[in-house]
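In: generate coordinates for the sequence data below:
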Amino acid sequence: MYSVPIGKPGDHQRLLAAITNLLPDMAARAAGYDEACAFPLDDIAALREANLLAAVLPRRAGGLGLGTEPQGAETLALALRLLGRGNLAVGRLFEAHVNALRLIASRGTPDQLRRAATLVQAGALFGLWVTDPPQDALRATADGSLHGGKAFCSGAGQLRHAVVTLRDPAGATRLAMLATEGTVATPLPMRMQGMRAATTGRIAFDGLRIAAGAWIGQPDDYLAEPDLSAGAWRTSAVTCGGLEALLALAMTQLVARGRDADPHQRARMGRAWIAQETALLWLQRAADAAERGADAADAVATVGFARTAIEDACFAILQLVERSLGLAAFMQPGPIERVRRDLATYLRQPAADEVLTEAAAHVMRTQGGG
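Out: Purely as a prediction, here's the structure:
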């Protein structure tokens, strides 16, 4: 799919091997983090130790370009899938880190990238917070005072740095790189069914100030295409990892229970395997379109179709696993029950119907009529 990975010979292979070695411990800790709705501190520390957080930085900033340069996309796709297998919540946190650094690298100034690189090389995990609460959206006044907050913030109360969207004094929506010291984090009013270890909550910035050098890029940069929509392939990569974990767990349980010879179980697992491999093929196509300089509209449409196909595969496999395992798929504590909840929650990305219809409209405009 891509040319030879960037970096020194073997850098990418060693990084992926290191992530693979982390997965057994990550999966073993996942139940405890889920039950406690606790931030996965040990897992993030392990990613930091493996140099994965810094590998996201572009080469000019001392990284390997995972997510910030086209040649790093293949390794990133594999890394995201691996993390999704280990713990979908960890994959979600890392994927947001990638997106935040990508925005700084592509929209920010050289000085902003240097500052971000210094923080990341010192161990920082960045958040990306773009959802406004129904009232009291985050905004800055002319004197730099911040008012309001952000909603549905992964890593709330744990992350020390984030890229956020906020309204500037002129009322335009802009990006900014903010330190979170002094913010107030509050949990969601209701407990999430899944993805609990992502510690999603609300962040209030009232009483803080924004420095002049914190603003990133121009108004509405966050909405610029194709990055806004085509970047969804990275979320899909994490999803695929969770899907792979769920199917592997289900097959292992069927074998352990001596039910793998049942022709009905074989048929279900066969259909599930087809769905999984279809999802992975769509993921590869989406990553290629988004990162290899395809026409912007084609890239957005391809990622939109991939996102829909992967979601369909996930729902199909969830149903097949539940039918195959029966009540065992719903028993707590158990990895299958937790991965089911995490995957179903993570699939609830915004505007799924709109993504599909806009992708179909593009194909009809460009392919219809011969």
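In: spatially central residue for the chain, please.
Out: For the chain, Glu95 is the residue whose C-alpha lies nearest the centre (C-alpha atoms, centre = their mean; 3.5 Å).
In: contact partners for that one?
Out: Going by C-beta atoms under 8 Å, 6 or more residues apart in numbering, Glu95 touches Leu80, Arg234, Thr235, Ala237, Val238. In this view, the C-beta of every residue, glycine as well, is placed from N, C-alpha and C.
In: switch the cut-off to 7 Å
Out: In this structure, Glu95 makes contact with Leu80, Arg234, Thr235, Val238, judged by C-beta atoms under 7 Å, 6 or more residues apart in numbering.
In: then Asp11?
Out: Neighbours of Asp11 in contact, by C-beta under 7 Å, 6+ apart: Leu64.
In: confirm that the residue nearest to the centre of the chain sits in a strand.
Out: No. Assessed by DSSP: H, G, I helix; E, B strand; the rest coil, Glu95 does not belong to a strand; its assignment is helix.
In: report pLDDT for it.
Out: At Glu95, the pLDDT value in this model is 98.
In: same check, this time on Gln218
Out: At Gln218, pLDDT is 94.
In: can you map out the helices along the stretch 151-300 of the chain?
Out: With DSSP state H, counting those that start in this stretch, the ranges of helices along the stretch 151-300 of the chain come out as 227-230, 232-256, 263-291, 296-325.
In: put the alpha carbons of stretch 84-95 into PDB.
Out: Once side chains and other backbone atoms are set aside, the C-alpha atoms of stretch 84-95 remain, and they are given as PDB (Å, rounded to 0.1, in the frame of the first residue of the first chain):
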ATOM      1  CA  GLY A  84      -7.900  -1.400  19.500                       C
ATOM      2  CA  ARG A  85      -7.300  -5.100  20.100                       C
ATOM      3  CA  GLY A  86      -5.700  -4.400  23.500                       C
ATOM      4  CA  ASN A  87      -8.300  -1.900  24.800                       C
ATOM      5  CA  LEU A  88     -10.500   0.300  22.600                       C
ATOM      6  CA  ALA A  89     -10.400   3.100  25.200                       C
ATOM      7  CA  VAL A  90      -6.600   3.300  25.000                       C
ATOM      8  CA  GLY A  91      -6.900   3.300  21.200                       C
ATOM      9  CA  ARG A  92      -9.400   6.200  21.400                       C
ATOM     10  CA  LEU A  93      -7.100   8.200  23.600                       C
ATOM     11  CA  PHE A  94      -4.100   7.700  21.300                       C
ATOM     12  CA  GLU A  95      -6.100   8.400  18.200                       C
END
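In: gap between that stretch and the chain center?
Out: Centroid separation between stretch 84-95 and its chain, computed with C-alpha atoms, centre = their mean, to the nearest Å, is 7 Å.
In: quick thing: my sequence starts at 463, can you match it?
Out: Okay, residue one is now 463; in that scheme the one you just asked about reads as stretch 546-557.
In: quick one: Ala756 and Asp668, what's the gap?
Out: Ala756 sits 43 Å away from Asp668, taking C-beta to C-beta, to the nearest Å as the criterion.
In: quick one, which of those two is more surrounded?
Out: Set side by side, Ala756 and Asp668 show more neighbours around Ala756, with 17 against 14, by other C-beta atoms under 10 Å.
In: neighbouring contacts of stretch 503-523?
Out: Counting by C-beta under 7 Å, 6+ apart, the neighbours of stretch 503-523 from elsewhere in the structure are 468, 477, 480-481, 484, 488, 491, 524-531, 541, 549, 552, 555-556, 559-560, 563, 567, 575, 579, 582-583, 585, 587.
In: please disregard the earlier target; I meant stretch 616-631.
Out: Contacts with stretch 616-631, where a contact means C-beta under 7 Å, 6+ apart, come from 501, 554-555, 558, 562, 565-566, 581, 586-592, 599-604, 612, 635-643, 647, 660-665, 678, 684.
In: if we go to 6 Å?
Out: The contact list for stretch 616-631, computed with C-beta atoms under 6 Å, 6 or more residues apart in numbering, reads 501, 554-555, 558, 562, 565, 581, 586-592, 600-604, 612, 635-642, 647, 660-663, 665, 684.
In: and what of stretch 765-776?
Out: Looking at stretch 765-776 with C-beta under 6 Å, 6+ apart, the contacting residues turn out to be 692, 694-695, 698, 701, 705, 737, 740-741, 744, 748, 752, 809, 817-818, 821.
In: apply 8 Å and report the result again.
Out: Stretch 765-776 is contacted by residues 691-695, 697-698, 701-702, 704-705, 737-738, 740-741, 744-745, 747-748, 751-752, 805, 809, 811, 814, 817-818, 820-821 when judged by C-beta under 8 Å, 6+ apart.
In: return the subset of the contacts of stretch 616-631 lying in strands.
Out: Among the contacts of stretch 616-631, the members found in strands (DSSP state E) are 588-591, 601-602, 612, 635-641, 647, 663, 665.
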